[in-house]
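In: structure for the following, please:
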Amino acid sequence: MNAQERVNILLVDDQQAKLLSHEAILAGIGENLLKATSASQAFECLLKNEIALVLIDVCMPDLDGFELAAMIREHPRFETTAIIFVSAIMMTYPDQLRGYQLGGVDYVPVPVVPELLRAKVKVFVDLYRKTRQLERFNAELEKRVAERTSELQRFNEQLELRIKERTHERESALAQLFEALSPAKRIAHLRRELAGKIVFTTSFGLEDQAILHLIAERGSDIEIVTLDTGRLFPETYALWAQTERRYGLRIRAVYPRQDDLEALIERQGIDGFYESRAARTACCHVRKIEPLDRALGGARGWIAGLRAEQSAHRRDMALVTAERGLIKLNPIFDWTREKLRDFVVANNIPVNPLHAKGFASIGCAPCTRPIAPGEPERAGRWWWEDEEKKECGLHVNRV
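Out: Predicted coordinates:
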């Protein structure tokens with residue numbers, strides 16, 4: 001065994017003769033033997049060296065072996081250092097128990113049997129070596145895991161960037177294709193080219209009624225869904241029924257989860273959404289966003305009634321996007337309100353009577369008011385909040 005592979009064993013005894021005896025017995029095991037005749041020397045040696053094992057004489061005049069062991073154990077660095085007690089007197093069971101409670105791992109009586117002492121020391125030296133090997137292995141493993149994690153993080157960042165680039169490319173290509181088509185042909189093309197379920201979500205506004213008319217008139221295989229928040233205007237529910245009668249179809253309703261709704265109202269009250277933006281968005285999440293996630297479950301495509309003219313925020317959206325893992329089409333995105341109104345009138349499409357009373361955008365009753373001349377279309381939604389962004393969170397870019 002070379003010098004670098006040897007471990008340090010500390011022999012502590014106030015009698016030099018005993019130290020020499022222990023040294024002679026252990027000389028053949030090939031380890032480094034360090035000696036101390038007092039507690040202060042022992043601590044100095046411990047602090048300067050990496051010690052695998054300490055042999056302590058129990059009966060020392062100034063500080064006995066038990067007291068020294070207790071001091072060693074109190075130091076954080078030596079909490080796991082193996083300690084073997086050596087005693088020339090017959091130790092009673094309570095003494096042995098005390099030694100183990102103070103951190104001792106074994107006990108050797110005097111006169112020392114050389115073979116027994118060597119065997120016991122070898123056991124703990126081997127355990128020390130294996131523990132250090134395991135620690136080095138764990139350190140190396142942690143290093144490799146950290147390196148691999150860093151590599152995976154870089155890869156994921158590159159992958160996300162590539163996905164965004166490909167998504168943008170795909171959106172651009174689809175936009176160029178759809179721009180040249182009418183809204184009806186846009187819907188038909190999406191249905192023809194996209195396999196699987198396509199969902200159209202309606203809130204029965206002018207835009208949604210126009211799109212529903214295009215879907216129903218052509219009998220497109222598109223599921224029509226509405227989110228019933230429980231706070232809609234009576235006029236909206238009446239229009240819902242009228243629309244089903246007019247087109248002979250059933251509009252599937254998705255409702256807030258009862259437990260979530262009860263918890264929301266218990267937390268903020270029936271109209272707590274007026275208190276802060278956070279309270280309002282929490283209400284929108286329970287009544288609209290979570291239900292939308294369920295409404296779109298299993299779908300490949302999503303049709304919505306957004307128009308660029310509705311608000312500055314929606315102007316930054318697009319005719320077709322990749323959102324929530326779906327292809328999202330806003331078939332009348334580039335229509336003006338005047339063009340939309342003309343289409344609705346020309347096709348005798350049922351509309352909400354609230355539009356005639358100044359309600360341009362209609363949502364939940366407590367959160368919607370008529371707009372004044374010159375105001376943006378969505379100014380009547382959550383009017384008590386900042387005008388910058390009037391959205392509930394349904395239409396955001398969640399790839």
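In: where does the residue sitting nearest the centre point of the chain land on pLDDT?
Out: The structure's the chain has its C-alpha centroid closest to Gln153; by C-alpha atoms, centre = their mean the separation is 14.9 Å. Per-residue confidence (pLDDT) for Gln153: 92.
In: for it, what is the enclosing helix or strand?
Out: Following DSSP states H and E, one finds Gln153 within helix 114-179.
In: about what we covered before: gap between the residue nearest to the centre of the chain and Trp302?
Out: 31 Å (C-beta to C-beta, to the nearest Å). In this view, the C-beta of every residue, glycine as well, is placed from N, C-alpha and C.
In: any weak-confidence spans in the stretch 201-350 of the chain?
Out: For the stretch 201-350 of the chain, the stretches with pLDDT under 70 are 310-317.
In: now the helices: where do they sit in it?
Out: 206-217, 234-247, 258-268, 277-284, 290-295, 312-315, 337-346 (DSSP state H, counting those that start in this stretch).
In: for those helices, which one sits closest to Pro94?
Out: Each of these was scored for nearness to Pro94 using C-beta to C-beta, and the closest is helix 258-268 (59.7 Å).
In: what does the closest one contact?
Out: Helix 258-268 is contacted from outside by Gly230, Gly272, Glu275, Ala279, Ala282, Cys283, Val286, Arg287, Glu290, using C-beta atoms under 8 Å, 6 or more residues apart in numbering.
In: chain center to that helix, what's the gap?
Out: Counting by C-alpha atoms, centre = their mean, to the nearest Å, helix 258-268 is centred 24 Å from the centre of its parent chain.
In: quick check: angle from it to helix 277-284?
Out: Put simply, helix 258-268 runs at 160 degrees to helix 277-284, going by axes from the mean of the first three to the mean of the last three C-alpha atoms, to 10 degrees.
In: in helix 258-268, what's buried?
Out: Leu261, Leu264, Gln268 (16 or more other C-beta atoms under 10 Å).
In: what's the domain layout of this structure?
Out: 3-134, 181-380 (automatic domain parsing).
In: want to throw those domains into TSV with distance to His168?
Out: TSV is the format used below for these (distance: least, C-beta to C-beta, whole Å):
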stretch	distance to His168
domain 3-134	50
domain 181-380	9
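In: who touches Ile83 in this structure?
Out: Leu53, Val54, Ile56, Ala69, Ile72, Gly103, Gly104, Val105.
In: whoops, His22 was the one
Out: Counting by C-beta under 8 Å, 6+ apart, His22 makes contact with Leu11, Asp13, Leu33, Leu55, Val86, Val112, Leu117.
In: take those residues and keep only those in helices.
Out: Leu117 (DSSP state H).
In: now the contacts of His22 as TSV including pLDDT?
Out: TSV is the format used below for the contacts of His22 (pLDDT from 0 to 100):
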residue	pLDDT
Leu11	93
Asp13	90
Leu33	94
Leu55	92
Val86	87
Val112	86
Leu117	90
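In: buried subset of the contacts of His22, written for PyMOL?
Out: Of those, the buried ones go into a single PyMOL selection, burial set by 16+ other C-beta under 10 Å:
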select buried, resi 11+13+33+55+86+112+117
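In: so which of the contacts of His22 is the closest to Gln209?
Out: Leu55 (91.6 Å).
In: so that closest one touches Ala82, yeah?
Out: No. Counting by C-beta atoms under 8 Å, Leu55 does not reach Ala82; the two are 9.6 Å apart.
In: list residues touching both of those two?
Out: When contacts are counted by C-beta under 8 Å, 6+ apart, the set common to Leu55 and Ala82 is empty.
In: which among the contacts of helix 258-268 count as buried?
Out: Buried among the contacts of helix 258-268 (16+ other C-beta under 10 Å): Ala279, Ala282, Cys283, Val286, Arg287, Glu290.
In: show me the two of these that sit farthest apart.
Out: Most distant of these, by C-beta to C-beta, are Ala279 and Glu290, 16.2 Å apart.
In: distance of Pro114 relative to Leu340?
Out: Distance of Pro114 to Leu340, given as C-beta to C-beta: 102 Å.
In: which of the two has more residues huddled nearby?
Out: With neighbours defined as other C-beta atoms under 10 Å, Pro114 and Leu340 compare such that Leu340 has more, 19 against 14.
In: residues touching that one, list them.
Out: Here Leu340 is in contact with Leu206, Glu207, Ala210, Arg307, Ile332 (C-beta under 8 Å, 6+ apart).
In: which of the contacts of Ile83 fall within strands?
Out: Mapping the contacts of Ile83 onto strands (DSSP state E) picks out Leu53, Val54, Ile56.
In: count of residues packed around the last one?
Out: Which is Ile56. For Ile56, using other C-beta under 10 Å, the count is 26.
In: please apply the same query to the second one.
Out: Using other C-beta under 10 Å, Val54 has 29 neighbouring residues.
In: kindly report the same for the one 4 residues further on.
Out: The number of residues packed around Val58, counting by other C-beta under 10 Å, is 21.
In: right, and it touches Ala69 too?
Out: No. Counting by C-beta under 8 Å, Val58 does not reach Ala69; the two are 9.2 Å apart.
In: mutual contacts of those two, please.
Out: By C-beta under 8 Å, 6+ apart, Val58 and Ala69 have these common neighbours: Phe85, Gly99.
In: Leu161 and Phe155, how far apart?
Out: Distance from Leu161 to Phe155, by C-beta to C-beta: 11 Å.
In: follow-up on the earlier one: which one of the contacts of Ile83 sits closest to Pro183?
Out: Gly103 (81.2 Å).
In: how far away is the closest residue to the closest one other than its chain neighbours from Ile332?
Out: What sits nearest to Gly103 in space, not counting adjacent residues and going by C-beta to C-beta, 6 or more residues apart in numbering, is Arg73, at 4.2 Å. As judged by C-beta to C-beta, Arg73 and Ile332 stand 78 Å apart.
In: helices or strands next to whichever strand or helix holds Leu46 in the packing?
Out: Per DSSP H and E, Leu46 falls inside helix 39-48. The contact analysis (3 or more C-beta pairs under 8 Å, 6 or more residues apart in numbering; DSSP states H and E) places helix 39-48 against strand 8-12, strand 32-36, strand 51-57, helix 65-74.
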